[in-house]
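A.B. asks: Give me a 3D structure for the following:
(one chain, ligands or ions: 1)
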Amino acid sequence: MTKAPQNTLTQRGNGEGVVKSKTHVWTNVKFDLDGKQVSALNMEWSVTRSAYGIVQTPIVVVRNGPGPTLLLMAGNHGDEFEGQIVLTKLIQTLVPEEIRGRLIILPAANLAAAIEGTRVSPLDAGNLNRSFPGDPTGTPTQRIAHYISDVLMPMSDAFFDLHSGGTSLVYLPYVHVDLPGRAEANAQAKSALEFINPPLAVAQPFEADDRIGAAQEIALKCGVLSFSGEFAGAASVSEEAIRVAQRSVFRLMAHLGIVELDPQWSTLNTTRWLFIDRGMYLFAPADGLFQPSKRLGDDVKAGALFGQVIFPEEPSRAPVDVCFPRDGLLGCIRPLGRIRRGDCLGHLFGYAR
Ligand SMILES: [Zn+2]
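C.D. replies: Predicted coordinates for the structure are as follows:
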């Protein structure tokens, strides 16, 4: 499944070759060089406090000869921390001679958001995972999206985007593969996810309507095997979710033939296969306080009470019940008590097998 390095960059600033992308992002990384390069993607960002300033997004390339290319990304949303921790540790421990092929790692893809600990960038309010395919002359978030779409994704065989629920949601750790649509490619994607062996797994087609501007759509267009994962959240850091994310990254690298499978990740767990659809999301029916009656990880039945909206600002107003629309696993909840009409309170997963 190895792709020829069709885009042997050649970015502005590294002094060689032809720029094949319309990107205005530059880097001194040489993507076909063996070894470990820890560097940055640079872009101009001219503001009052820094007229000739640049925004730098960390990028690491680890390569050892020909082989598959895996693009690993975290900090796509800045308030999702587990993936950022896992990839930063991976960068520090990887020995180039122990891999085959190439890893391209963005440990804090929307860096300004990651530093601020926010979902969107404080520079431009950009939500990176709603900004693809991006714009080479747009805001910083749009320019990074464009660079990933136009430069990094075409070089990659597989892509793993590590998320969590951020500030407003918390997830049971799970890994998702986007089914490309053709039978053989679907089977390959499913078997890769089987090999990753996460506790919870979702294998289904990408729904562009639900995630307009997501990186996963670009991955699929580029023929890249596209994984994402949700690893806890609630604006905190979960040791358990870090372990699941780490294990998933190492097992994916082993599946692709980039590393040998380390014995510490070789014990197999039971995977629960799930699906998600639009009808499984629960939204706040009114502004108020949400008092949940179920917990993250509960198996629930259609019609059962999820919780009540309480109105302290209108003490005589009766609570409003929120009930589950379907049977399922409550795999994602909102950890914040105060809600506004339309806030996502969580979602169910259906049982796929
Ligand atoms: Zn996210």
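
A.B. asks: give me every residue that touches the closest residue to the ion within the stretch 1-150 of the chain.
C.D. replies: Nearest to the ion, among the residues of the stretch 1-150 of the chain, is His77, at 3.5 Å (CB to the ion). For the C-beta atoms, the positions are set from N, CA and C on the backbone; glycine is no exception. Counting by CB atoms under 8 Å, 6 or more residues apart in numbering, His77 touches 110, 113, 119-120, 127-129, 163, 166.

A.B. asks: Is it in a helix, a strand, or coil?
C.D. replies: Three-state assignment for His77 (DSSP: H, G, I helix; E, B strand; the rest coil): coil.

A.B. asks: Now do the buried residues in stretch 312-329.
C.D. replies: 322, 324, 328-329 (16 or more other CB atoms under 10 Å).

A.B. asks: Now, the residues you listed that are in strands?
C.D. replies: 322, 328-329 (DSSP state E).

A.B. asks: for the residues you listed, which one is nearest Thr27?
C.D. replies: Closest approach to Thr27 among those (CB to CB): Leu329, at 42.1 Å.

A.B. asks: Gln291 contacts Pro312, correct?
C.D. replies: No: assessed by CB atoms under 8 Å, Gln291 is found out of contact with Pro312, at 11.1 Å.

A.B. asks: Tally up the residues packed near Val95, please.
C.D. replies: 10 (other CB atoms under 10 Å).

A.B. asks: quick one, phi/psi of it?
C.D. replies: Note on Val95: its backbone torsions stand at phi -110, psi 120 [degrees, to the nearest 10].

A.B. asks: try Val249
C.D. replies: phi -60, psi -50.

A.B. asks: close enough to count as contact, it and Phe160?
C.D. replies: Yes: using CB under 8 Å, Val249 is in contact with Phe160, at 6.5 Å.

A.B. asks: Are there residues contacting both of those two? Which ones?
C.D. replies: Common neighbours of Val249 and Phe160 (CB under 8 Å, 6+ apart) are Leu72.

A.B. asks: Is the helix or strand harbouring Gly331 positioned near the ion?
C.D. replies: Assessed by DSSP states H and E, Gly331 sits inside strand 328-333. No: against the ion, strand 328-333 shows no contacts by CB under 5 Å from the ion, the least distance being 11.7 Å.

A.B. asks: for that strand, packing partners?
C.D. replies: Applying 3 or more CB pairs under 8 Å, 6 or more residues apart in numbering; DSSP states H and E, we find strand 328-333 packed against strand 170-171, strand 272-275, strand 299-300, strand 344-351.

A.B. asks: Please enumerate residues in contact with that strand?
C.D. replies: 165, 169-172, 174, 200, 230, 272, 274, 280, 292, 294-300, 306, 324, 345-351.

A.B. asks: average pLDDT across the very next helix or strand once past it?
C.D. replies: The helix or strand immediately downstream of strand 328-333 is strand 338-339, counting by DSSP H and E. For strand 338-339, mean pLDDT is 98.

A.B. asks: Measure how far strand 338-339 is from the centre of its chain, please.
C.D. replies: A distance of 26 Å separates the centroid of the chain from that of strand 338-339, by CA atoms, centre = their mean, to the nearest Å.

A.B. asks: One more: stretch 185-204?
C.D. replies: With CA atoms, centre = their mean, you get 16 Å for stretch 185-204.

A.B. asks: buried residues in it?
C.D. replies: Here stretch 185-204 shows 186, 188-189, 192-193, 196-204 as buried, counting by 16+ other CB under 10 Å.

A.B. asks: still on that earlier bit, right, so the helices and strands packed on strand 328-333: which one is the most enclosed?
C.D. replies: strand 170-171 (a mean of 25; mean count of other CB atoms under 10 Å).

A.B. asks: For it, the averaged confidence score.
C.D. replies: 98.

A.B. asks: helix or strand right after that strand?
C.D. replies: strand 174-179.

A.B. asks: Between the two ends of stretch 210-226, how far is it?
C.D. replies: Start-to-end span of stretch 210-226 (CA to CA, to the nearest Å) is 16 Å.

A.B. asks: does any bit of it sit next to the ion?
C.D. replies: No: using CB under 5 Å from the ion, stretch 210-226 never reaches the ion; the gap is at least 9.6 Å.

A.B. asks: centre of the chain versus that stretch, how much separation?
C.D. replies: Worked out by CA atoms, centre = their mean, stretch 210-226 lies 11 Å from the chain centre.

A.B. asks: And stretch 157-171, by the same measure?
C.D. replies: The answer for stretch 157-171 is 4 Å, by CA atoms, centre = their mean.
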